[in-house]
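In: no sequence on hand, only this structure:
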């Protein structure tokens, strides 16, 4: 224990941590060497150096590449966390020295983009055009690990109850119902009152299995005496959704404000039917105990103001 403590405090260098994260990302010594602009022998030598310091094998090497060991996964998590904090502090110091307003990193679900996040960023930029906002789009399964590691400062999206945790602070902002969308000119747009039986007969783009919406949508089909569509594509990506609406003539489900935005742009058509489903609210998640940068705090204020009723 004393040796590990001494190594982590004093002997591990930033370049070691960057190597570990790169190896985890590429899972190949050659591609890692290209990324770090060093030779393959240099990567192998540096990895052996770290493993000797820790007394732990971090990666299993084979002709197929490198795979983290259980001990390696722990060190990778440590490395990602330290590098995220390093980048955050570097950005703060640089911003302060240059007179800029700083940088914040946001993980966002599609549902939060046009109505909430876009308006909040606009309000933040009105305060300070030098404030930088990095936006990474994804779902909870992808974004929450990054929030916990410090690679993101906050998350904006649906506050799925299944992901509630003592280490997270969730702040609900507003509720956002769902609507059914198809491509412009779809046969269902000519129906005065499309029904769930109509949706069951066409390809459907459905949320991923982890989303509470998925189960509730399937229950809606059962409630109408129908089996859920057999021809489905699962995705939380708007790009994938819009592609399959266009190419396969599929129907999909979208937050009302997002659908309204894209309908104005001629990308989708909202069907004249209701989706009577209770959904988790849209809101903000941050990591408990982590001090937010001033620009992150300002963005949160802008998010609260941009929310309907805010």
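Out: Ah, there it is. Source: prediction; values computed, not measured. Residues are numbered from 1 along each chain as shown.
In: need the helices for the stretch 201-310 of the chain, in chain order.
Out: Ranges of helices within the stretch 201-310 of the chain are 212-223, 238-248, 256-264, 294-306, based on DSSP state H, counting those that start in this stretch.
In: tabulate those (JSON lines), appending mean neighbour count.
Out: Yep, even glycine has a C-beta here, placed from its N, CA and C like the rest. Formatted as JSON lines, the helices of the stretch 201-310 of the chain follow (neighbours: other CB atoms under 10 Å):
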{"stretch": "helix 212-223", "mean neighbour count": "16"}
{"stretch": "helix 238-248", "mean neighbour count": "17"}
{"stretch": "helix 256-264", "mean neighbour count": "17"}
{"stretch": "helix 294-306", "mean neighbour count": "19"}
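In: what strand or helix carries the residue nearest to residue 112 when sequence neighbours are not counted?
Out: Take residue 112 and drop its neighbours on the chain: the residue closest to it by CB to CB, 6 or more residues apart in numbering is residue 156, 4.3 Å away. Assigned by DSSP states H and E, residue 156 belongs to strand 154-158.
In: returning to that earlier point: the residue nearest to residue 112 against residue 106, yeah?
Out: Yes. Between residue 156 and residue 106 there is a contact under CB atoms under 8 Å: 6.1 Å.
In: and for the two, which residues touch both?
Out: residue 117 (CB atoms under 8 Å, 6 or more residues apart in numbering).
In: if I pick the residue nearest to residue 112, what's in contact with it?
Out: 106-109, 112, 116-117, 282-285, 303.
In: which residues of the stretch 101-250 of the chain score low on pLDDT?
Out: For the stretch 101-250 of the chain, the stretches with pLDDT under 70 are 101.
In: could I get the full set of strands for it?
Out: 103-108, 132-137, 154-158, 168-174, 178-182, 204-206, 232-234 (DSSP state E, counting those that start in this stretch).
In: take the ones you listed and write them to TSV, including distance to residue 222.
Out: TSV is the format used below for those (distance: least, CB to CB, whole Å):
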stretch	distance to residue 222
strand 103-108	32
strand 132-137	32
strand 154-158	23
strand 168-174	29
strand 178-182	17
strand 204-206	14
strand 232-234	15
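In: on that earlier part again, how about the helices of the stretch 201-310 of the chain, which one is nearest residue 72?
Out: helix 294-306 (31.1 Å; CB to CB).
In: output the contacting helices and strands for the longest helix along the chain.
Out: In the chain, assigned by DSSP state H, the helix with the most residues is helix 70-98. Counting contacts by 3 or more CB pairs under 8 Å, 6 or more residues apart in numbering; DSSP states H and E, helix 70-98 packs against helix 14-26, strand 103-108, helix 140-149.
In: can you give me the angle the second one makes with helix 70-98?
Out: This points to strand 103-108. The directions of strand 103-108 and helix 70-98 differ by 130 degrees, with axes from the mean of the first three to the mean of the last three CA atoms, to 10 degrees as the criterion.
In: same check on the first one?
Out: Comparing the axes of helix 14-26 and helix 70-98 via the same axes, to 10 degrees yields an angle of 120 degrees.
In: what's the mean pLDDT across helix 14-26?
Out: On average, the pLDDT along helix 14-26 is 88.
In: can you point out the buried residues in that helix?
Out: 16-24, 26 (16 or more other CB atoms under 10 Å).
In: return the distance of it from the chain's centre.
Out: Relative to its chain's centre, helix 14-26 lies at 22 Å (CA atoms, centre = their mean, to the nearest Å).
In: now the second one
Out: If you compare the mean C-alpha spot of strand 103-108 with that of the full chain, they lie 10 Å apart, counting by CA atoms, centre = their mean.
In: show me the contact partners of that strand.
Out: 91-92, 95, 117, 131-138, 142-144, 146-147, 151-157, 293, 295-296, 299.
In: now do the same contact list for the closest residue to residue 44 other than its chain neighbours.
Out: Of all residues not flanking residue 44 in the chain, residue 29 sits nearest, at 6.2 Å (CB to CB, 6+ apart). With contact set as CB under 8 Å, 6+ apart, residue 29 has these partners: 23, 40, 43-44, 47, 61, 65-66.
In: any idea which of these is least confident?
Out: Confidence-wise, residue 65 trails the rest of the contacts of residue 29, at 85.
In: who does that one bridge with?
Out: residue 62 (DSSP bridges).
In: next one: residue 174
Out: residue 282.
In: pretty sure it contacts residue 284?
Out: No. If you go by CB under 8 Å, residue 174 and residue 284 don't touch, sitting 11.3 Å apart.
In: neighbour count winner among the two?
Out: Taking other CB atoms under 10 Å, residue 174 and residue 284 do not tie; residue 284 has more neighbours (23 against 15).
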